[in-house]
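Colleague: A predicted structure for the sequence below; I have some questions about it.
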Amino acid sequence: MENCRASAELVVFNQMCPENMVDAANQEFSAVICNRPDGEEEWRTRNTDMRDAAQTVGLAIHHIPIVADVFPSRAAYSYCGVWRGSDGLAIAYCRTRTKFVALETHANPEGVEPPERNMLAVLAAISQ
């Protein structure tokens, strides 16, 4: 799993599978945010399997699917709620991190001014 730190509280992964949940729990993550819609790619793990794996190891999991370039306000509100309500480190993941960048920029959970917010989201997405 490739990852990058988006903030002190959030790490972004490009992809996860159920087996990664044990590692996440062992690394003291407390929540997982999936931005991938079920069925995006048929061979990807379904969200229900990810939820079951996360819950087995005590992680909260939140499915906030983003389809293509559509970022509904409810997704931004949900993302902010999860981001602000997590106890400790959280993981967000999607295939290319692009959905994370757009959602982070749109939601702006830290209240950062737009130029800095855009820069931070892009840096998080491209850093390895």
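Modeller: Received it, and whenever you're ready, just let me know what you need. All of these numbers come straight from a predicted model, not from anything done at the bench. Numbers count the residues shown, from 1 in each chain.
Colleague: dump the residue contacts of the most centrally placed residue in the chain.
Modeller: Of all residues in the chain, the one closest to the mean position by Cα atoms, centre = their mean is Ala92, 1.6 Å from it. The neighbours of Ala92, taking Cβ atoms under 8 Å, 6 or more residues apart in numbering as the test, are Ala6, Leu10, Val11, Val12, Phe13, Val32, Ile33, Cys34, Asn35, Phe100. C-beta here means a position set from N, CA and C on the backbone, and glycine is covered the same way.
Colleague: measure it to Ile61 for me?
Modeller: 11 Å (Cβ to Cβ, to the nearest Å).
Colleague: And stretch 16-25, end to end?
Modeller: The first residue of stretch 16-25 is 13 Å away from its last residue (Cα to Cα, to the nearest Å).
Colleague: I'd like the average pLDDT over that stretch.
Modeller: Regarding stretch 16-25, the rounded mean pLDDT is 92.
Colleague: Tell me which residues are up against it.
Modeller: 1, 13, 32, 34, 45, 49-50, 52-54, 56-59, 91, 93.
Colleague: With Glu42 as the reference, measure out to Ala92.
Modeller: From Ala92 to Glu42 the distance is 23 Å (Cβ to Cβ).
Colleague: swap that for Ser30, please
Modeller: The value you get for Ser30 to Glu42, if Cβ to Cβ is used, is 31 Å.
Colleague: Comparing those two, which residue is more hemmed in?
Modeller: Neighbours were counted for Ser30 and for Glu42 using other Cβ atoms under 10 Å; Ser30 has more, 16 against 6.
Colleague: isn't that one right next to Ala90, touching?
Modeller: Yes - counting by Cβ atoms under 8 Å, Ser30 does reach Ala90; the two are 6.6 Å apart.
Colleague: Average pLDDT for the helix or strand encompassing Leu120, rounded please.
Modeller: Here Leu120, judged by DSSP states H and E, is contained in helix 114-126. The predicted model assigns helix 114-126 a mean pLDDT of 70.
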